[in-house]
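In: sequence and computational prediction follow.
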Amino acid sequence: MSQYRIAVIVGSLRQDSFNRQLANAIVKLAPPEFSFKQVQIGDLPLYNQDDDANQAESVKRLKNEIHGADGLLFVTPEYNRSIPGVLKNALDHASRPYGENAWAGKPAGVLGASPGAIGTAMAQQHLRSILTFLDIPTLGQPEAFIHVKDGLFDEAGNIGADSKEFLQNWMDQYVAWVKQHVA
Ligand SMILES: Cc1cc2nc3c(=O)[nH]c(=O)nc-3n(C[C@H](O)[C@H](O)[C@H](O)COP(=O)(O)O)c2cc1C
């Protein structure tokens, strides 16, 4: 029986998303008492404050999943040196109505992968700024700016040999971070 339920938020809707592949692969490095579930954000309407008193079913579902999670794992691409709009839309939705921020207090980790040289560094900094405002305690180190290149994943979709040690350490630190906040 899992003791720690983690909601995974992937910032890409792309079918063959590297970030979704990374999310799928890195959870295999977690201990058995951790379980991970990717939350769906692609069917959320565009956030409109007029709807706060009458949130869509997809928004209620997202908020329920966040409320039910012990921790959060964000895995996101960088779009134009920031986070994708779909991710910001999800963050805004579950933060409202005012006073009913579903994210508050949930320990989080941030990862991102890009074929670009800086491996989502700027997007992650923007994301961290938002997470701070939303009262989400976020693992500071190690940072994980993943440069997508051949061999990042093996044929079975696991983390490839060259990145395994680094990402195993990242996961170990993340696990300790979640346990520290949930205990
Ligand atoms: C609208 C858009 C903006 C992008 N901007 C950046 C960027 O600022 N930095 C970067 O490294 N890659 C950028 N890219 C390239 C993405 O890193 C690349 O498309 C990546 O595969 C997206 O992640 P995904 O595979 O998880 O969907 C951009 C891609 C798109 C579609």
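Out: Nice, thanks for sending it over.
In: remind me which residues of the chain are low pLDDT?
Out: Within the chain, the segments meeting pLDDT under 70 span 1-2.
In: the residue in it that the ligand sits nearest to: neighbouring residues, count only.
Out: Nearest to the ligand in the chain, going by C-beta to the nearest ligand atom, is residue 116, at a distance of 2.5 Å. To be clear about C-beta, it is placed using only N, CA and C from the backbone, and glycine gets the same treatment. Per other C-beta atoms under 10 Å, the neighbour tally for residue 116 reads 15.
In: got a list of what it touches?
Out: Going by C-beta atoms under 8 Å, 6 or more residues apart in numbering, residue 116 touches 78, 147.
In: now name the helix or strand holding it.
Out: Using DSSP states H and E, residue 116 sits within no helix or strand.
In: residue 78 versus that one, what's the distance?
Out: Distance of residue 116 to residue 78, given as C-beta to C-beta, to the nearest Å: 7 Å.
In: just list what the lengthiest helix in the chain packs against, helices and strands only.
Out: Looking across the chain with DSSP state H, the single longest helix is helix 161-182. Here helix 161-182 touches strand 4-10, helix 18-26, strand 71-75, strand 108-114, going by 3 or more C-beta pairs under 8 Å, 6 or more residues apart in numbering; DSSP states H and E.
In: need the ones you listed in JSON lines with mean neighbour count, can you?
Out: Formatted as JSON lines, those follow (neighbours: other C-beta atoms under 10 Å):
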{"stretch": "strand 4-10", "mean neighbour count": "22"}
{"stretch": "helix 18-26", "mean neighbour count": "21"}
{"stretch": "strand 71-75", "mean neighbour count": "26"}
{"stretch": "strand 108-114", "mean neighbour count": "24"}
